[in-house]
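Peer 1: Fold the following and give me the result.
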Amino acid sequence: MKLSKLIFCGITFVIVFMSLLPFVWFVNTSLKTQAEVTAIPPKLASSGSLHFYRSTIEEHDLLHYVKNSVIVAGATTCITLFISILSAYVLARLRLKYKGVIMGSLLLVSMFPQISIAGPVWKIMQSLGWLNTYQGLIIPYVTLTLPLGIWILTGFFRELPKELEDAARIDGCNRIQTLYKIVVPLAAPGIFTAAILVFIYAWNEFFFALLIMTQRKFQTLPIGIALFQGQYTLPWGEIAAASTVATVPLVLLVFFFQKRIVSGLSAGAVKG
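Peer 2: Residues are numbered from 1 along each chain as shown. As a prediction, this is how the structure comes out:
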């Protein structure tokens, strides 16, 4: 093996190891007993106890927060995809003035730090009476994830052969029919990629969820975990168990569909 390749593999291994270490440690902590959590020096879980998982469900009502996260992330993904598909198709196929300005504006908006728009977003939600409601969190999430969805799908739609759409229009299809009968099925990898990335963002987002959802009834999983309280100290075992429950589905999702994600992200990178 060449020295350069060996160095590259070594650096990659170190980066992956450092990235996975906190997650592996939290999984290990979630399987400990209370005595093992507070042991000094720290030790690995020896019994594989599920006590902390039962505690998060029975005492901290973990499934309630999971339900809220599924509703918010699922609705955000569906709405974002619907708008992104229509917008990306227009940008990829129709002749528009200032198309580059539009794409640049989308990129610029996606770079805004959340704190810079927190005040206006909160004020708008308050005026609409949407604080502590699902739509009060879903709408800001949609606005934040739309640039990502539109950018991914615009690049993907541009790579699809126009001849198929021309043939569909000759057969009598209008643009909307061509879009959902021809373009959307062909763009499934790109749509799937956008869906996963949008879902992950909405599932993990913390700042706006903390700002808008102040009532426990509507709080999502990241907020619920952050507000876990013990009598005298933080319940690290329960936090580790809840964090594992929140993370493992996303890890499995990306692991099983990594090829689709890569193909979707790289679709617009090579001009065909």
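
Peer 1: where's Val16 relative to Val24, distance?
Peer 2: 11 Å (CB to CB, to the nearest Å). For every residue, glycine as well, the C-beta is placed using N, CA and C.

Peer 1: now swap in Thr178 and tell me
Peer 2: Thr178 is 48 Å from Val24, by CB to CB.

Peer 1: higher neighbour count, those two?
Peer 2: For Thr178 versus Val24, the count of surrounding residues by other CB atoms under 10 Å is larger for Thr178: 20 against 10.

Peer 1: secondary structure class for the nearest residue to the more buried one once chain neighbours are set aside?
Peer 2: Setting aside the residues directly before and after it, Thr178 is nearest to Ala168 in space (CB to CB, 6 or more residues apart in numbering), at 4.5 Å. Following DSSP: H, G, I helix; E, B strand; the rest coil, we place Ala168 in the helix state.

Peer 1: shouldn't Ala168 be in contact with Leu179?
Peer 2: No - using CB atoms under 8 Å, Ala168 makes no contact with Leu179, being 9.5 Å away.

Peer 1: Could you give the number of residues near the residue nearest to Thr178?
Peer 2: Each residue near Ala168 was counted by other CB under 10 Å, and the total is 18.

Peer 1: Could you measure from it over to Ile182?
Peer 2: 5 Å.

Peer 1: same question, Leu63
Peer 2: Counting by CB to CB, the gap from Leu63 to Ile182 is 41 Å.

Peer 1: ditto for Leu148
Peer 2: 24 Å.

Peer 1: With Asp171 instead?
Peer 2: Computed as CB to CB, the Asp171 to Ile182 distance reads 10 Å.

Peer 1: Looking at the two, which is more packed in?
Peer 2: The neighbour comparison of Asp171 against Ile182 (other CB under 10 Å) goes to Ile182, with 17 against 10.

Peer 1: ok, the more buried one - contacts?
Peer 2: The contact partners of Ile182, by CB atoms under 8 Å, 6 or more residues apart in numbering, come to Leu164, Glu165, Ala168, Cys173.

Peer 1: and the first one, how many neighbours does it have?
Peer 2: To tie it back to what came earlier, the one meant is Leu164. Leu164: 13 neighbours (other CB under 10 Å).

Peer 1: Once you drop chain neighbours, what's closest to it?
Peer 2: Distances taken as CB to CB, 6+ apart place Ile182 nearest to Leu164, at 5.5 Å, with adjacent residues excluded.

Peer 1: Quick test: name the residue nearest the centre of the chain.
Peer 2: Nearest to the geometric centre of the chain sits Ile200, at 1.5 Å (CA atoms, centre = their mean).

Peer 1: check contacts around that one.
Peer 2: Leu250, Leu253, Val254.

Peer 1: helices and strands around the helix or strand harbouring the second one, which ones?
Peer 2: Secondary structure assigned from DSSP states H and E places Leu253 in helix 236-256. Using 3 or more CB pairs under 8 Å, 6 or more residues apart in numbering; DSSP states H and E as the contact test, the elements touching helix 236-256 are helix 3-30, helix 34-37, helix 51-58, helix 62-93, helix 188-204, helix 221-226.
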